[in-house]
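# sequence plus predicted model, see below.
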Amino acid sequence: MQTVEDLRARAHRLMPRFVLEYLEAGSGEEATLAREREAFAEWRVIPHTLVDESTRDVSAPILGSKAPLPLAIAPTGLNGIFMHHADLALARAAAASGVPFIQSTMSNDRMEQVAAIDGLRHWWQLYVFGGEEVWQELVDRAERAGCEALVLTTNAQIFGQRDWDKRDRAPSGFPDAADLLNAATHPRWAVTTLTGGLPEFANVIDFVPKDRRSFFDSANWIRHQMPKTLSWRDVARIRDRWTRPFFVKGILNPDDVQQALDCGVDGVMLGAHGGRQADWSVSALDVLPRAREIVGDRIELYISGGIRRGSDILKACALGADAVLAGRAPLYGLCAHGEDGVRKAIELLRSEMLNELGQYGVPGLDKLSRYLLVRTENLPL
Ligand SMILES: Cc1cc2nc3c(=O)[nH]c(=O)nc-3n(C[C@H](O)[C@H](O)[C@H](O)COP(=O)(O)O)c2cc1C
């Protein structure tokens with residue numbers, strides 16, 4: 001396992017088809033999903049040589065506390081279909097690696113159980129669904145559990161056009177016979193995932209009507225309870241209730257970056273939900289330089305989408321990101337080797353960063369700048 005791509009290849013050998021489709025696929029024609037990788041390829045580095053590279057450093061402050069690399073594990077829902085207690089495994093790996101773990105509202109392990117992990121920087125990702133009492137209770141619980149930050153996801157009130165999902169599932173929302181047959185040919189997955197029974201949305205299941213609480217049905221039910229009226233007024237109300245650092249996630253339009261700033265957030269997470277929501281959108285990397293101009297040094301600015309290599313993180317930092325979120329990269333590690341695989345994914349990204357930083361002739365992240373990069377359309381120099 002020398003690269004995140006190796007972990008991905010092993011994940012593809014071990015996971016059944018419907019699980020891989022959930023993990024990998026994007027929405028619509030998957031133009032956004034593709035853009036999230038293309039955007040990195042459009043920047044080339046102009047390295048320096050003969051620079052003292054003996055003390056390279058890729059550590060970075062995240063909310064003022066030092067992390068070994070500028071990365072947090074992105075919130076991902078339904079992790080329980082990759083393995084039993086997947087959220088705990090991701091969180092333990094995050095704690096061991098010294099990076100924050102952002103737990104999704106749609107996670108399958110209880111928030112309080114995750115919060116009990118020693119040394120974890122535990123952040124809570126909030127989806128607003130159902131009545132007011134749901135978000136208020138989740139925010140209060142996150143406060144009691146000691147979560148360091150709250151992350152409001154803003155771009156998923158209408159569920160993306162996931163054609164693969166619609167095509168594959170029987171009308172009940174349950175995998176069809178062909179999927180079940182395919183799953184039966186992946187015994188290792190069946191043992192590590194189904195030993196505890198099908199997972200449930202442990203943090204929100206009490207809000208779901210009793211007759212809709214099976215795994216697939218509850219996911220469908222919750223999806224349909226997302227208010228389509230969520231607005232900047234709600235962001236301001238959530239901001240008021242939550243006293244610790246507060247981020248909005250899923251922002252791409254520079255005007256919205258400005259709105260977020262005006263709402264008093266502590267950070268913006270630019271992103272297109274891993275290409276799973278609006279199709280044909282720009283990627284976070286495309287918006288990053290403009291967003292940095294808008295926010296200056298006033299708040300933290302992160303991006304998510306397409307992080308597979310240490311060089312991706314370096315490009316993001318050079319273009320103005322304080323940190324990045326990685327969704328699929330740690331999940332490939334999880335599917336390939338459980339908690340150890342997640343640690344491996346993070347360590348690979350870190351060691352690649354360290355090596356590439358030296359190759360670029362830059363001693364530390366604070367010395368990265370936009371002038372180290374050039375867009376391919378501006379070549380030759
Ligand atoms: C399987 C999967 C589930 C996701 N679930 C959530 C979620 O519950 N909440 C959320 O805010 N974002 C969710 N996302 C988006 C991620 O937080 C992140 O923005 C995205 O994965 C970044 O792209 P990457 O996978 O290329 O790193 C999900 C992404 C994936 C791949």
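Sure thing, it's come through. Numbering: from 1, shown residues only.
# write out the residues of the stretch 251-381 of the chain neighbouring the ligand.
Contacts of the stretch 251-381 of the chain with the ligand, taken as CB under 6 Å from any ligand atom, map to 271, 273-274, 276, 304-307, 325-329. C-beta here means a position set from N, CA and C on the backbone, and glycine is covered the same way.
# make it 8 Å
269, 271-276, 304-308, 325-329, 331 (CB under 8 Å from any ligand atom).
# quick one: which of these sit in helices?
328-329, 331 (DSSP state H).
# ok, so of those, who is nearest H122?
For these, the closest approach to H122 (CB to CB) belongs to L331, at 18.1 Å.
# contacting residues around the spatially most central residue of the chain?
When CA atoms, centre = their mean is applied to the chain, the residue found nearest the centroid is A74 (2.4 Å). Shown in contact with A74 (CB atoms under 8 Å, 6 or more residues apart in numbering): 102, 274, 304, 325-327, 330.
# rebuild the residues you listed as CSV, extending it with distance to D179.
Formatted as CSV, the contacts of A74 follow (distance: CB to CB, whole Å):
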residue, distance to D179
I102, 29
G274, 22
S304, 28
L325, 29
A326, 27
G327, 23
P330, 25
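# got a markdown table for those, with distance to E21, pLDDT and neighbour count too?
Formatted as a markdown table, the contacts of A74 follow (distance: CB to CB, whole Å; pLDDT from 0 to 100; neighbours: other CB atoms under 10 Å):
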| residue | distance to E21 | pLDDT | neighbour count |
| --- | --- | --- | --- |
| I102 | 23 | 99 | 30 |
| G274 | 13 | 98 | 26 |
| S304 | 20 | 98 | 28 |
| L325 | 22 | 98 | 26 |
| A326 | 20 | 98 | 26 |
| G327 | 15 | 98 | 21 |
| P330 | 19 | 98 | 33 |
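# quick one, helices of the stretch 201-350 of the chain?
215-223, 232-241, 254-262, 284-295, 310-318, 328-359 (DSSP state H, counting those that start in this stretch).
# and those helices, which is most packed in?
helix 310-318 (a mean of 25; mean count of other CB atoms under 10 Å).
# please enumerate the strands of the protein.
Using DSSP state E, the strands found in the chain span residues 43-45, 60-62, 65-67, 71-73, 101-103, 122-126, 149-153, 246-251, 267-270, 300-304, 323-326, 373-375.
# D87 is nearest to which of those strands?
strand 101-103 (6.1 Å).
# need the max-distance pair from the contacts of A74.
I102 and G274 (13.2 Å).
# residues in contact with G310?
58, 348-356.
# name the nearest residue to the residue of the stretch 251-381 of the chain found nearest the ligand, ignoring sequence neighbours.
For the stretch 251-381 of the chain and the ligand, the shortest gap (CB to the nearest ligand atom) falls at G327, measuring 2.1 Å. Leaving aside its chain neighbours, G327 sits nearest to A74 (3.8 Å; criterion: CB to CB, 6 or more residues apart in numbering).
# just D87 next, same as before
Nearest one to D87, counting by CB to CB, 6+ apart, is D109 at 3.8 Å.
# so that neighbour makes contact with L88?
Yes. Contact criterion CB atoms under 8 Å: D109 and L88 qualify, at 5.1 Å.
# can you list the residues of the stretch 51-200 of the chain near the ligand?
Close to the ligand, as judged by CB under 8 Å from any ligand atom, the stretch 51-200 of the chain has residues 74-79, 102, 104-107, 125, 127, 151, 153, 156.
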